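K.L.:
return a 3D structure for these sequence lines:
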Amino acid sequence: MTKTPLVSRRDPRLDFFRGLALVMIFINHVPGNPLEVLTNRNFGFSDAAEGFVFMSGMAAGLAYPGAFATLPLWRAVAKCWGRAWTLYSVHLVITAICLAIMLAAALWFDAPKMWTINNVGPWMRAPVQSTIGIATLGHQFGYLNILPMYAALLILAPLMILIARKSLPVMLGLSFVLWVCAGEFRLNLPAYPNPGGWFFNPFAWQFLFAIGLASGMCLKEGRRLVPLRAWAVWGALALLVFCALWVQVGAIATLGRGGLRWLGDLGAPFYLVNFDKTFLAAPRLLHILLLVYFLSSQPWVTRLSASRWVAPVSLMGRFGLPVFALGTVLSILGQSWKAALVNDTWVFDTSYVFAGLIVQMGFARIKWQLSQPVSR
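P.N.:
Here you go, the predicted structure:
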C-alpha cells in the first residue's frame, strides 16, 4: 500500500495554507482568467502575498530559534542567511528563465506586448544597468518580486530572534516602530536603474513577518501568541464579513472609502487610510491578522488541513520554494503564450491554470517521494 504523504508530527495547517497561498498566487499570476474571482483578494483587503509572508515568518519561528539556543551564534545566523542565499539564487535562476521566455515570445512569436510589460521595457532600454540591477535586486520583473523581499526578511531574522528570545513584546514593538517609520519617512530599498523602491518594501513587510515569527515561536512552545477569547473570535468574524461586503458591494465600498478619505483629510497618514501594498497599509495588515486569528481558532480548519483530500495542496506548501519557482515560470509562460499564440479566451485561461496546478501538484508529489528514505 502507498504511504500517505501527510505527516502527523507537522502542524498540517501550515503546509495546507502555504499550499493554498501558492495556488492563489499562481491563479492571480495568470491575469484575466475567470478563476481569479475565487481567490481571497476578492473577499477582503489582503491577498495571498500577505498569507505567504505570515506563514514564512511562522515557518522561520518554528525552524530557527532552536539553533540560537543550541549552536554557536555564527552557526545559527548562518542557517538563516544560508536560506536567504538559497532564495537569492533561486530568484536569479527563475528571473533568467522568465526573461528568456518573454523575449522569445516577442522575438520569435510576434508578441510585441512582451517587450514592455512586467518591467521588461527598462531592461530593453538599459540592459547593462538593468542586469546590474537584477544581480543587486534593484531591478525586479513583474511577478518575480516576492523572493527578494523574503530573502531580505531572512537577513533580518537573526536579529529578530535574538531580541524575541529575550522578550517577544520588545521584538514586536520594535518591528511595529520600523513599520511606522517606513510609512512616515517612505523608507524603502532603492530600485535600480529605475526610480523608486522595491514593490514589496521589506521595511514595511517585516512587521507581518515578525508577527508570524512570534506566532511560530509560541507554537513551538505549545501556546498561542494571542489567546483565544469567544468575543474576539466573533468580533474577528464580523469584521471579516464586513471586509468582504466592502469589496463586493459598491455602495459599502463607496461609503468606506469616503470615510478613509475623511480621516486622511484630518491628517491620518496614508499607510493607515489606504490599501497601499508596497508599504503594507493598515487595512491590508489588519485583514490578514483577523483572518489568521479566526481560522486558527476553528477546529474544523485543523481537520480539513489534515484531510487526505487536500494532501496535494499540503504537499505544495511543504515544498513551497521549488513549487513557487515552478509556478512562477509557468505563469510567465502562460502570459507569453497568451500574448503570442491565442486569443484571450476564458477556455484557454481556465485550461492553462488547471494544467499548471496539476503540474505543480505532481512536482510536489515527486519531491515528497524523493525525500522518503529508501527501503532495503
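K.L.:
and residue 349, what pLDDT?
P.N.:
With respect to pLDDT, residue 349 has a value of 89.
K.L.:
then the one 4 residues further on?
P.N.:
Among the per-residue scores, residue 353 shows a pLDDT of 95.
K.L.:
can you check residue 338 too?
P.N.:
With respect to pLDDT, residue 338 has a value of 88.
K.L.:
give me the element it is part of.
P.N.:
helix 320-341 (DSSP states H and E).
K.L.:
buried stuff in that helix?
P.N.:
Neighbour counts using 16 or more other C-beta atoms under 10 Å place 320, 323-340 of helix 320-341 among the buried residues. In short, each C-beta sits where N, CA and C put it, glycine included.
K.L.:
ok, now stretch 298-318?
P.N.:
Neighbour counts over stretch 298-318 (16+ other C-beta under 10 Å) mark 301, 305, 306, 310, 311, 312, 313, 314, 315, 316, 317, 318 as buried.
K.L.:
before we move on, what about stretch 110-117?
P.N.:
By neighbour count on 16+ other C-beta under 10 Å, the buried set for stretch 110-117 is 111, 113, 114, 117.
K.L.:
pretty sure the third one is touching residue 339, no?
P.N.:
Yes. In this structure, residue 114 is within contact of residue 339 by C-beta atoms under 8 Å, at 5.5 Å.
K.L.:
so for these two, which residues contact both of them?
P.N.:
Shared contacts of residue 114 and residue 339 (C-beta atoms under 8 Å, 6 or more residues apart in numbering): residue 105.
K.L.:
quick check: residue 126 touching residue 193?
P.N.:
Yes. Contact criterion C-beta under 8 Å: residue 126 and residue 193 qualify, at 5.5 Å.
K.L.:
closest to residue 182 among the buried residues of stretch 298-318?
P.N.:
Comparing the buried residues of stretch 298-318 against residue 182 with C-beta to C-beta places residue 317 closest, at 28.5 Å.
K.L.:
which SSE is the closest one in?
P.N.:
Using DSSP H and E, residue 317 falls in helix 311-318.
K.L.:
quick one: residue 367 from residue 303, how far?
P.N.:
For residue 367, the distance to residue 303 (C-beta to C-beta, to the nearest Å) stands at 25 Å.
K.L.:
please read the previous query as pertaining to residue 105.
P.N.:
Relative to residue 303, residue 105 is positioned 44 Å away (C-beta to C-beta).
K.L.:
please apply the same query to residue 73.
P.N.:
To residue 303, residue 73 is 41 Å away according to C-beta to C-beta.
K.L.:
ditto for residue 325
P.N.:
Distance of residue 325 to residue 303, given as C-beta to C-beta: 31 Å.
K.L.:
tell me the buried residues in the helix or strand harbouring residue 95?
P.N.:
In this assignment (DSSP H and E), residue 95 forms part of helix 73-108. Within helix 73-108, the residues scored as buried using 16+ other C-beta under 10 Å are 76-77, 79-81, 83-84, 87-88, 90-91, 94-95, 97-99, 101-103, 105-106.
K.L.:
name the helix or strand for residue 276, please.
P.N.:
Residue 276 belongs to no helix or strand, assigned by DSSP H and E.
K.L.:
of the buried residues of stretch 110-117, closest to residue 242?
P.N.:
residue 117 (35.1 Å).
K.L.:
show the pLDDT at that closest one.
P.N.:
92.
K.L.:
residue contacts, it?
P.N.:
Residue 117 neighbours (C-beta under 8 Å, 6+ apart): 102, 142, 335.
K.L.:
over to residue 203?
P.N.:
By C-beta under 8 Å, 6+ apart, the residues touching residue 203 are 178, 179, 181, 182, 187, 188, 189.
K.L.:
of those, which pair is most distant in space?
P.N.:
So, the contacts of residue 203 by C-beta to C-beta: farthest apart are 179 and 189, at 14.9 Å.
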